[in-house]
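In: sequence plus the predicted model coming up.
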Amino acid sequence: MQHEAGGEVPFRPPRRLRRPAQGGVIHGAPLVCLTAQLLQSDRALCGSKNALTGAYGSYQSFACCNITSKKRIASRIKSSTNTSPWFKVLVTFNCKLYLSLSFFNTKATYLHLALHVTPSSCLRTLSQLASMAAIKEESDYDSSRSSLTAPDSRRSWISDIGSSSSVSVCSFGGGDTLASSCRYKPHKANQAEWEAIRRVRAAAGGRVGLEHFRLVRRLGSGDLGNVYLCQLREPWSTGCLYAMKVVDKEALAFRKKLRRAEVERDILRTLDHPFLPTLYADFEASHYACLVMEFCPGGDLHVARQRQPGRRFSISSTRFYVAETVLALEYLHMMGVVYRDLKPENVLVRGDGHIMLSDFDLSLKCDVVAKLLRHSKPAPAPLAAASSSHVPSCVPPTIQPVLSCLFNGMNKCHAKEGRRGANDGDGDESEQETETEPEVVVEPVAARSKSFVGTHEYLAPEVISGQGHGSAVDWWTLGVFMYEMVYGQTPFKGESNEKTLVNIIKQPVSFPRIAAAAAASGREWDELQRAQDLMSQLLVKNPKKRLGSSMGSAEVKKHPFFKGVNWALVRSVRPPEVPPKPRPAPTPAPAPKKVMMMSKKERQEPYNYRPDEHFEYF
Ligand SMILES: Nc1ncnc2c1ncn2[C@@H]1O[C@H](COP(=O)(O)OP(=O)(O)OP(=O)(O)O)[C@@H](O)[C@H]1O
């Protein structure tokens, strides 16, 4: 019996995605043989019969085989079933191809079909379904689409990762990819952590894997997986601590979030910036994917804020953290990454007290093209005033995509120095400068995504309205972030998530009086005024009018709030707080090498997915 369209049918996932049954993987078999075998079998696996009878309203599982061409599979299935199944390759690993096949019945209800390419089959089921199915086009679907309904308001989430920008997608490949992905990190090249990894890699024939690490304790868990503090097993490397993010690919594939993990890994591989994570290695162990990153012993800024008087950061601390965040966002944008998940929880404090943005699974990777902007009229007053107030960065770029702002800064710097010789005062130079000098901007302003992604209180209006968003969302979230740092609360928080969203769309930004009065002491009062002005310009609802939306970070950096900030030297400034040095965990007595994985019994236990809880396999 089919369930009614629109009626809520409880979704009962397969208790655990199992690997193909004994003899299930048909090595080297051409698909035609495969389909023949499938057709001979009466037994449909994993609930596909149930799907047919309507017991499950929504169902998804995987087809698995060792044939790597999805087109070929599609055409074969088409010839067998006389229809075009709409399918999506979810992931390839262990030399197998995992597909998701989906059909719609006449009432437009999803009937995802479980298809394990094993001697057991569901192809007959597939044929029957196909006869009553309205086939949906592949392009309408994205495997990352999710039906989350009530996410925790402080938790990041995504409802649809579909985007018009080119999001890089590649499957998790097995084995260590250190050599290919993590070699060129000039900013961190001299770190002891790198050296230790290099030595281990050299000793292990170029490969780093889970067996080389000892997990010390769990640092935290998120939507995708757990993060562990770990050390290399070699006794000489005890001082080197790493954070290892471990995700269960099977569980993620089942939850349709594998792509998020892939995007995060791909982005991490490209990063090389003092305020962004260094990826030392990434590898797979069984069905786990592991990312070995820089460990931040200082916790996150959300926790750090709770320790501050009045649970708010002072203006000078806020300026420090916001300035470093601006530099990190600037770099990300130049690399074609829209971060989309800025919030204090994702800003970690490194051992030296400087920040590191973390958690890139909601980020958007897109193409970015340098633009040359020529100004025919002076910049708006506050910005013009600001541009005269500091010396721009003179640091040349160290990696390829970082083209513009820094070069631009260099030009300006030279130009300004030249003028300084003639006239030491700031005067009106900046206005002339904006008029005469072209600005090169590398900001992914053209990126467009319609994903509903982020954390409720941090969502930008254009994300909520679904009109498509680009890099301007990061400047909005910077405004919310700054507001929370200064006032200890976000600007649009309502009694419920829905109310929060309404407030974001409709309510103008206002600043609490009490906090303002508490901070009203001479210089801090002036600085608070400038902070409020910056926040107001970042929290402009129209993304086109928002500060940073057209000229990127260059606009933001010129704001008077940052007066006196030497952007090139921010990384050398003494941070407001430096966390105590973590003590390396004592090295345990040598034990037989054991890769931490689930026992056979654990693996065979039903997979019980509860969306509100973190999964823990370690
Ligand atoms: N490099 C690190 N150093 C120290 N702690 C870390 C590090 N990376 C992550 N953590 C801790 O692990 C927690 C989970 O990490 P992360 O946010 O990256 O996971 P996630 O699964 O992507 O989470 P989310 O649900 O936010 O997407 C963080 O809140 C943080 O406390």
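Out: The structure has been received and is ready for your questions.

In: which bits of the stretch 201-350 of the chain sit near the ligand?
Out: Residues of the stretch 201-350 of the chain lying close to the ligand (C-beta under 6 Å from any ligand atom) are 219-225, 227, 243, 245, 277, 293-296, 300, 345, 348. For the C-beta atoms, the positions are set from N, CA and C on the backbone; glycine is no exception.

In: number of residues surrounding the closest residue to the ligand within the chain?
Out: In the chain, the residue that lies nearest the ligand is residue 222 (1.8 Å; C-beta to the nearest ligand atom). Other residues lying near residue 222 total 17 when counted by other C-beta atoms under 10 Å.

In: just list the residues touching the nearest residue to it once chain neighbours are set aside, thanks.
Out: Ranked by C-beta to C-beta, 6 or more residues apart in numbering and with sequence neighbours excluded, the top spatial neighbour of residue 222 is residue 359, at 6.8 Å. Contacts for residue 359 (C-beta atoms under 8 Å, 6 or more residues apart in numbering) come out as 156, 222, 264, 341, 346.

In: is the third one in contact with residue 364, as I believe?
Out: Yep, that's residue 264 we're talking about. No: applying C-beta atoms under 8 Å as the test, residue 264 and residue 364 come out as separate, 11.6 Å apart.

In: the two: who's more crowded?
Out: residue 364 (28 against 23).

In: and the host helix or strand of residue 330, what does it pack against?
Out: Residue 330 is located in helix 315-334, with elements delineated by DSSP states H and E. Other helices and strands packing on helix 315-334, by 3 or more C-beta pairs under 8 Å, 6 or more residues apart in numbering; DSSP states H and E, are strand 355-357, helix 404-422, helix 472-487, helix 523-538, helix 553-557.

In: between those, which gets the lowest average pLDDT?
Out: Lowest mean pLDDT within the helices and strands packed on helix 315-334: helix 404-422, a mean of 36.

In: need the strands for the stretch 151-300 of the chain, in chain order.
Out: Counting by DSSP state E, counting those that start in this stretch, the stretch 151-300 of the chain has strands at residues 157-158, 213-221, 225-232, 241-248, 279-285, 288-294.

In: possible to save those as JSON lines with distance to residue 481 and mean neighbour count?
Out: Converted to JSON lines, the strands of the stretch 151-300 of the chain look like this (distance: least, C-beta to C-beta, whole Å; neighbours: other C-beta atoms under 10 Å):
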{"stretch": "strand 157-158", "distance to residue 481": "18", "mean neighbour count": "22"}
{"stretch": "strand 213-221", "distance to residue 481": "19", "mean neighbour count": "16"}
{"stretch": "strand 225-232", "distance to residue 481": "21", "mean neighbour count": "22"}
{"stretch": "strand 241-248", "distance to residue 481": "22", "mean neighbour count": "24"}
{"stretch": "strand 279-285", "distance to residue 481": "24", "mean neighbour count": "22"}
{"stretch": "strand 288-294", "distance to residue 481": "21", "mean neighbour count": "23"}
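
In: of all those strands, which one is nearest residue 327?
Out: The closest of these to residue 327 is strand 288-294. By C-beta to C-beta, the value is 16.6 Å.

In: and that closest one, which strands flank it?
Out: strand 241-248 (antiparallel), strand 279-285 (antiparallel) (DSSP bridges).

In: what's the angle from the shortest one to strand 213-221?
Out: Meaning strand 279-285. Strand 279-285 and strand 213-221 are oriented at 100 degrees to each other (axes from the mean of the first three to the mean of the last three C-alpha atoms, to 10 degrees).

In: tabulate the strands paired with strand 288-294 (TSV), appending mean pLDDT.
Out: What follows is these, written out as TSV (pLDDT from 0 to 100):
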stretch	mean pLDDT
strand 241-248	93
strand 279-285	91
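
In: turn these into TSV, including distance to residue 526.
Out: Shown next, in TSV, are those (distance: least, C-beta to C-beta, whole Å):
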stretch	distance to residue 526
strand 241-248	40
strand 279-285	42
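
In: how about the residues of the protein by the ligand?
Out: Contact residues (C-beta under 6 Å from any ligand atom) of the chain with the ligand: 155-156, 219-225, 227, 243, 245, 277, 293-296, 300, 345, 348, 358-359, 361.

In: just give the closest residue to residue 332, not the sequence neighbours.
Out: residue 339 is the one closest to residue 332 (C-beta to C-beta, 6+ apart), at 5.4 Å.

In: look up how far residue 273 lies from the one you found.
Out: The spacing between residue 339 and residue 273, counted by C-beta to C-beta, to the nearest Å, is 12 Å.

In: same question, residue 310
Out: As judged by C-beta to C-beta, residue 310 and residue 273 stand 32 Å apart.

In: so for the two, which sits in the more crowded spot?
Out: Neighbour totals were compared for residue 310 and residue 273, and residue 273 leads with 23 against 13 (other C-beta under 10 Å).

In: just checking, the more buried one touches residue 329?
Out: No: counting by C-beta under 8 Å, residue 273 stays clear of residue 329, with 10.4 Å between them.

In: before we move on, the earlier item: check what pLDDT the residue of the chain closest to the ligand gets.
Out: At residue 222, pLDDT is 84.

In: next: the one 5 residues further on.
Out: In the predicted model, residue 227 carries a pLDDT score of 94.

In: specify the beta-bridge partners of it.
Out: residue 220, residue 245.

In: that one contacts residue 247, doesn't it?
Out: No: counting by C-beta under 8 Å, residue 227 does not reach residue 247; the two are 9.9 Å apart.

In: what sits against the nearest residue in space to residue 481 that is not next to it in sequence?
Out: Nearest residue to residue 481, sequence neighbours excluded (C-beta to C-beta, 6+ apart): residue 342, at 5.3 Å. Counting by C-beta under 8 Å, 6+ apart, residue 342 touches 325, 329, 357, 458, 474, 477, 478, 480, 481.

In: residue ranges with poor pLDDT in the stretch 51-200 of the chain?
Out: 51-189 (pLDDT under 70).

In: if we can go back for a sec, what is the nearest of the contacts of residue 342 to residue 496?
Out: Nearest to residue 496 out of the contacts of residue 342 is residue 458 (C-beta to C-beta; 16.0 Å).

In: what's the angle between the helix holding residue 330 and helix 523-538?
Out: Orientation check (the same axes, to 10 degrees): helix 315-334 against helix 523-538 gives 30 degrees.
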